[in-house]
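Engineer: compute the structure for the input listed below.
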Amino acid sequence: MKTRHLVILLTFFITILFLLGLWIINSYCSGRALFFIAVIVAFVVLVYVIIRYWLRKEIYDKVKIIYNNIYNYKISKQDLKQKIKHSMMSMNEVSGEVEQWIKEQNSQFDKMVALEQYRKEYIGNVAHELKTPIFNIQGYVSTLLDGAMEEEELRKKYLLRADKSIDRLIAIVNDLDTITQLELNEVALNISSFDLTSLIAEVLESLELRAEDLGIKCVFDNQEQIFVSADRERIRQVIVNLVENAIKYSSGKGKEVRIKVFDMDNQYLVEVADDGIGISEKDIPRVFERFYRTDKARSRQLGGTGLGLAIVKHIIEAHNQTINVRSSVGEGTTFGFTLKKS
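Structural biologist: Below you'll find the model as predicted:
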């Protein structure tokens, strides 16, 4: 029951008592009117004091304790003491504060549930990514120890496979270390002015053989110098990751990976597009998550740590820039990120 309703009921009750007293005085005790009026007034005052004391002890003080506990999380102790000392709160205000606090706690609880689910998925993904190369290495070494060591051809074959698995293991650990440092802002960016055109050309040259082996053509027609202000090595890492992804998922010969740069006033927009398998709409919001793969079997078959896009996102955000993706299944994918003009 709201406070004002309770006060109205009590006032109505006391008023009835008062009128009843007047009626009694007028009917039976006309000679002692002043005495009975004094008795009724004293009675009303006594009732008021008792009700006020009861409300304070049984309701108001207890509500103050609740209010106190909630506000300890929201305001300084000094503000809280002043607020309680001067009784600057009504029951309706307390009710509103409690409801707001409950909403905030429910929101925090939902976030904690989501984070816990993400933590479980992340740990599971890390374990799975590490397990594959470790088990491969164990299998090759065990086979060699069981007798294959004596056969030179098998020995070389298994050692090369073990070496490849070790490289994959090192790549996963290095990427995990990189993304952790980026998330903790422990990586100092070496901001400088450099020509983006020459950097893109260097990246495409380093990946040329890999693209040719898959029958994919990398296209970048811009010849003009484009100067940006950023960490050159980190932006190289971004472009390498995006182009490698585009090459891996551009299935079939005759496909193209296209890089374009657009002038956006104070920024340049760099787009890396492919004609590959594309990404479904439900997967697009999660492509930048660690270890998230839209096609797990195909992704692991093609290699990679599953951390590339997560690292790309963190690098771009560390430059206070943005990255986005648009895609259609069977038509290809385009990643676009911005860089500040020099």
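Engineer: how near is Tyr140 to Ile166?
Structural biologist: Tyr140 sits 10 Å away from Ile166, going by Cβ to Cβ, to the nearest Å. (Each C-beta comes from the backbone N, C-alpha and C, glycine too.)
Engineer: cool, and Glu186?
Structural biologist: 26 Å.
Engineer: who has more neighbours out of these two?
Structural biologist: Neighbours per residue, other Cβ atoms under 10 Å: of Glu186 and Ile166, the larger number sits with Ile166, 14 against 8.
Engineer: quick one: that one from Asn125, how far?
Structural biologist: Ile166 is 20 Å from Asn125, by Cβ to Cβ.
Engineer: got it, and Asp265?
Structural biologist: 40 Å.
Engineer: what about the two, which has more around it?
Structural biologist: Using other Cβ under 10 Å as the criterion, Asp265 and Asn125 rank with Asn125 on top: 18 against 6.
Engineer: leaving out sequence neighbours, find the closest residue to Met264.
Structural biologist: Thr338 (6.7 Å; Cβ to Cβ, 6 or more residues apart in numbering).
Engineer: any idea which helix or strand carries the one you found?
Structural biologist: strand 332-340 (DSSP states H and E).
Engineer: strands of the stretch 51-200 of the chain, start to end?
Structural biologist: Taking DSSP state E, counting those that start in this stretch as the test, the strands found in the stretch 51-200 of the chain are 191-195.
Engineer: where in the stretch 201-342 of the chain is pLDDT low?
Structural biologist: Scanning the stretch 201-342 of the chain for pLDDT under 70 picks out 251-253, 293-305.
Engineer: same check on the stretch 51-200 of the chain?
Structural biologist: 51-98, 118, 121-122.
Engineer: residue ranges for the helices of the stretch 51-200 of the chain, please.
Structural biologist: With helices called from DSSP state H, counting those that start in this stretch, the stretch 51-200 of the chain shows them at 61-71, 77-85, 91-145, 152-183, 196-206.
Engineer: could I get the ones you listed as a markdown table with distance to Ala318?
Structural biologist: Rendered in a markdown table, the data for those read as follows (distance: least, Cβ to Cβ, whole Å):
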| stretch | distance to Ala318 |
| --- | --- |
| helix 61-71 | 38 |
| helix 77-85 | 37 |
| helix 91-145 | 21 |
| helix 152-183 | 6 |
| helix 196-206 | 17 |
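Engineer: count of residues packed around Asp163?
Structural biologist: So Asp163, with other Cβ under 10 Å, has 12 neighbours.
Engineer: separation between it and Lys157?
Structural biologist: Asp163 is 11 Å from Lys157, by Cβ to Cβ.
Engineer: likewise Lys255?
Structural biologist: 32 Å.
Engineer: repeat for Met112
Structural biologist: Met112 is 50 Å from Lys157, by Cβ to Cβ.
Engineer: got it, and Gln321?
Structural biologist: Counting by Cβ to Cβ, the gap from Gln321 to Lys157 is 46 Å.
Engineer: which one's more surrounded, the two?
Structural biologist: Gln321 (19 against 15).
Engineer: can you pull the contacts of that one?
Structural biologist: 267, 337-340 (Cβ atoms under 8 Å, 6 or more residues apart in numbering).
Engineer: by neighbour count, which of these wins?
Structural biologist: Result: Phe337 is most packed of the contacts of Gln321 (other Cβ under 10 Å), 25 neighbours.
Engineer: for that residue, which residues make a bridge with it?
Structural biologist: Beta-bridge pairing for Phe337 (DSSP bridges): Val270, Ile323.
Engineer: hang on, it packs against Ile239?
Structural biologist: No - Phe337 lies out of contact with Ile239 (Cβ atoms under 8 Å); the separation is 9.3 Å.
Engineer: and for these two, which residues touch both?
Structural biologist: Val270.
Engineer: if I pick the residue nearest to Lys255 when sequence neighbours are not counted, what's in contact with it?
Structural biologist: Residue nearest to Lys255 in three dimensions, not counting chain neighbours: Asp275, with 4.6 Å by Cβ to Cβ, 6+ apart. Asp275 makes contact with 250, 255-256, 331-332, according to Cβ under 8 Å, 6+ apart.
Engineer: show me where the stretch 201-342 of the chain has its strands.
Structural biologist: For the stretch 201-342 of the chain, the strands defined by DSSP E, counting those that start in this stretch cover 217-219, 227-231, 256-264, 267-274, 323-328, 332-340.
Engineer: any chance of those strands in a markdown table, with distance to Glu208 too?
Structural biologist: What follows is these, written out as a markdown table (distance: least, Cβ to Cβ, whole Å):
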| stretch | distance to Glu208 |
| --- | --- |
| strand 217-219 | 7 |
| strand 227-231 | 23 |
| strand 256-264 | 11 |
| strand 267-274 | 16 |
| strand 323-328 | 25 |
| strand 332-340 | 20 |
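Engineer: what's the closest of these to Ser198?
Structural biologist: Ser198 lies closest, by Cβ to Cβ, to one member of the strands of the stretch 201-342 of the chain: strand 227-231, at 10.2 Å.
Engineer: which neighbouring elements make contact with the closest one?
Structural biologist: Helices and strands touching strand 227-231, by 3 or more Cβ pairs under 8 Å, 6 or more residues apart in numbering; DSSP states H and E, are strand 191-195, strand 332-340.
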